[in-house]
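[1] Give me the fold of what follows.
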Amino acid sequence: MNTTAQSTTASAPATSAPAWYELALCAQTGPGFFFPEPGSSLRDAKRLCGACEGRVACLEYALANDERFGVWGGLSEAERHALRSRRH
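    The predicted structure is shown next:
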């Protein structure tokens, strides 16, 4: 999960964030970590997601809300797109 201007939860995370977000490791990390510059490594963000208890809920949230940018639930934009395609 991430919080930036690109995210729907960025405007008011305390009031509109999903329940799992309060315990998510990304809530304690800056948004640049999950929305790196194009061509930057996603390895560290994915590693943090892998240790997060909210990873599955975060991924489902991103898929349900068609989040197109950043790392969500441990997957990149391309990986979420591929997963969406396999599910349909």
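
[2] C-alpha only now, for contacts and for neighbours.
    OK.

[3] Would you confirm that A27 contacts P18?
    No. Look at A27 against P18 with CA atoms under 8 Å: they stay out of range, at 11.5 Å.

[4] Tabulate the CA atom coordinates of stretch 69-77 in PDB.
    Output in PDB follows, covering the C-alpha atoms of stretch 69-77 (Å, rounded to 0.1, in the frame of the first residue of the first chain):
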ATOM      1  CA  PHE A  69       1.000   3.100 -10.000                       C
ATOM      2  CA  GLY A  70       3.500   2.000  -7.500                       C
ATOM      3  CA  VAL A  71       4.100  -1.200  -5.500                       C
ATOM      4  CA  TRP A  72       1.000  -2.600  -3.800                       C
ATOM      5  CA  GLY A  73       0.800  -5.900  -2.000                       C
ATOM      6  CA  GLY A  74       4.300  -6.700  -3.100                       C
ATOM      7  CA  LEU A  75       3.500  -6.400  -6.800                       C
ATOM      8  CA  SER A  76       4.500  -3.800  -9.400                       C
ATOM      9  CA  GLU A  77       2.200  -2.300 -11.900                       C
END
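
[5] residues making contact with that stretch?
    Stretch 69-77 has contacts (CA atoms under 8 Å, 6 or more residues apart in numbering) with 1-2, 6, 34-36, 42, 45-50, 54-60, 62, 68.

[6] run the last query once more with 7 Å
    Where contact means CA atoms under 7 Å, 6 or more residues apart in numbering, the residues beyond stretch 69-77 that reach it are 1-2, 34-35, 45-46, 49-50, 55-56, 58-59, 62, 68.
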